[in-house]
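Engineer: Predicted model and sequence follow; I will ask about them next.
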Amino acid sequence: MIRFNSVRKTFGAKQVLDGFTLDIPDGQTTVLLGYSGTGKSVALKHIVGLLEPDEGSVEVDGRIVHEMSRGELTAMRASIGYVFQFSALFDSLSVADNISLGLREQRLPEDQIVRRVAASLERVGLADQGTRFPAELSGGMRKRVGIARAIALEPRYILYDEPTTGLDPVTSAVIDELMVRNKRELGVTGVVVTHDMRSAFAVADRIAMLYQGRVHLVGTVDEIRRTEDPLVRQFIEGRP
Ligand SMILES: Nc1ncnc2c1ncn2[C@@H]1O[C@H](COP(=O)(O)OP(=O)(O)OP(=O)(O)O)[C@@H](O)[C@H]1O
Ligand SMILES: [Mg+2]
């Protein structure tokens with residue numbers, strides 16, 4: 001389980017997270033909603049220790065991330081797939097090599113790496129694309145490669161940062177379906193950061209809305225759909 005305990009984070013004079021508390025239960029998909037610049041990506045980076053809280057803490061499986069030793073941090077990161085907001089693929093590496101990187105870091109035997117790369121590409125519907133380069137792929141394909149790279153780690157958790165942003169509705173639905181299958185078939189606990197409401201409702205078990213540095217409201221999909229909270233309604237309906 002991942003748990004944010006009253007996390008505060010400032011950059012210079014800017015308070016980004018301000019008492020951010022949220023439990024992310026295992027086996028479910030939790031969606032984190034919020035306006036641009038509210039700190040959603042910053043929150044995700046805290047989970048894997050790319051950022052450290054000024055105050056408060058983030059726990060993964062009961063251990064406080066910023067207190068982990070180097071070895072613990074490496075082990076924890078190996079259990080978490082991270083699908084970055086801008087895919088973050090290496091342009092100079094083939095799709096298969098991009099996916100292999102994290103597996104090589106874990107010093108898996110080469111035949112196992114080859115098997116995992118093939119299986120994860122197959123799972124995202126890109127079985128025959130391993131030798132291509134990121135520049136040759138569409139945005140939607142790049143997102144799928146990012147997801148394949150996460151899956152290949154056989155992680156317990158996957159963090160998806162804006163997985164459908166900038167994609168057409170049909171391609172977005174393909175990505176949503178992948179996230180649902182990762183949960184259902186692989187038992188992955190998902191954290192999805194998005195401002196795409198259609199995607200949020202398609203993949204979430206729970207939805208948390210981040211506002212002014214903290215969780216404004218958290219609930220099941222049905223609770224969020226039915227809420228009369230003005231801030232959430234405004235966000236869902238996209239009203240200015
Ligand atoms: N490493 C950093 N150094 C300084 N400021 C940062 C850093 N990372 C994030 N910020 C600032 O923190 C705020 C929140 O950024 P964040 O990327 O988390 O927003 P977001 O909610 O993910 O937005 P979007 O939906 O546009 O991706 C922004 O004002 C951003 O400029
Ligand atoms: Mg972001």
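Structural biologist: Structure received. Ligands and ions are numbered 1, 2, ... in the order given.
Engineer: From now on I want contacts and neighbour counts done on CA atoms only, so please keep to that.
Structural biologist: Noted.
Engineer: Run through the strands of the protein in chain order.
Structural biologist: Ranges of strands in the chain, per DSSP state E, are 2-11, 14-24, 29-33, 55-60, 63-64, 80-83, 157-161, 189-194, 206-211, 214-220.
Engineer: Include mean pLDDT when you put those into JSON lines, please.
Structural biologist: As requested, the strands of the chain are exported to JSON lines (pLDDT from 0 to 100):
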{"stretch": "strand 2-11", "mean pLDDT": "98"}
{"stretch": "strand 14-24", "mean pLDDT": "97"}
{"stretch": "strand 29-33", "mean pLDDT": "97"}
{"stretch": "strand 55-60", "mean pLDDT": "98"}
{"stretch": "strand 63-64", "mean pLDDT": "96"}
{"stretch": "strand 80-83", "mean pLDDT": "94"}
{"stretch": "strand 157-161", "mean pLDDT": "96"}
{"stretch": "strand 189-194", "mean pLDDT": "96"}
{"stretch": "strand 206-211", "mean pLDDT": "96"}
{"stretch": "strand 214-220", "mean pLDDT": "96"}
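Engineer: could I get those as TSV with mean neighbour count and distance to Gly146?
Structural biologist: Listed next are these as TSV, based on neighbours: other C-alpha atoms under 10 Å; distance: least, C-alpha to C-alpha, whole Å:
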stretch	mean neighbour count	distance to Gly146
strand 2-11	19	22
strand 14-24	19	22
strand 29-33	27	18
strand 55-60	20	22
strand 63-64	17	27
strand 80-83	24	5
strand 157-161	26	9
strand 189-194	26	14
strand 206-211	23	23
strand 214-220	17	27
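Engineer: Make JSON lines from those strands and add distance to ligand 1 to it.
Structural biologist: Shown next, in JSON lines, are the strands of the chain (distance: least, C-alpha to the nearest ligand atom, whole Å):
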{"stretch": "strand 2-11", "distance to ligand 1": "5"}
{"stretch": "strand 14-24", "distance to ligand 1": "6"}
{"stretch": "strand 29-33", "distance to ligand 1": "8"}
{"stretch": "strand 55-60", "distance to ligand 1": "16"}
{"stretch": "strand 63-64", "distance to ligand 1": "21"}
{"stretch": "strand 80-83", "distance to ligand 1": "13"}
{"stretch": "strand 157-161", "distance to ligand 1": "8"}
{"stretch": "strand 189-194", "distance to ligand 1": "7"}
{"stretch": "strand 206-211", "distance to ligand 1": "8"}
{"stretch": "strand 214-220", "distance to ligand 1": "12"}
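Engineer: Nearest to Asp128, out of the ones you listed?
Structural biologist: With C-alpha to C-alpha, the closest approach to Asp128 among the strands of the chain belongs to strand 80-83: 20.9 Å.
Engineer: what sits up against the lengthiest helix in the chain?
Structural biologist: Using DSSP state H to define each element, the chain has its longest helix at helix 169-186. Applying C-alpha atoms under 8 Å, 6 or more residues apart in numbering, the contact partners of helix 169-186 are 27-29, 124, 140, 144, 163-164, 188-190, 199, 202-203.
Engineer: Pull the most distant pair out of the residues you listed.
Structural biologist: Longest span within the contacts of helix 169-186, C-alpha to C-alpha: Gly27 and Gly140, 25.7 Å.
Engineer: Looking at those two, which is more packed in?
Structural biologist: Under the criterion of other C-alpha atoms under 10 Å, the comparison of Gly27 against Gly140 puts Gly140 first, with 20 against 17.
Engineer: I'd say that one and Glu162 touch.
Structural biologist: No: Gly140 is beyond contact range of Glu162, at 12.0 Å (criterion: C-alpha atoms under 8 Å).
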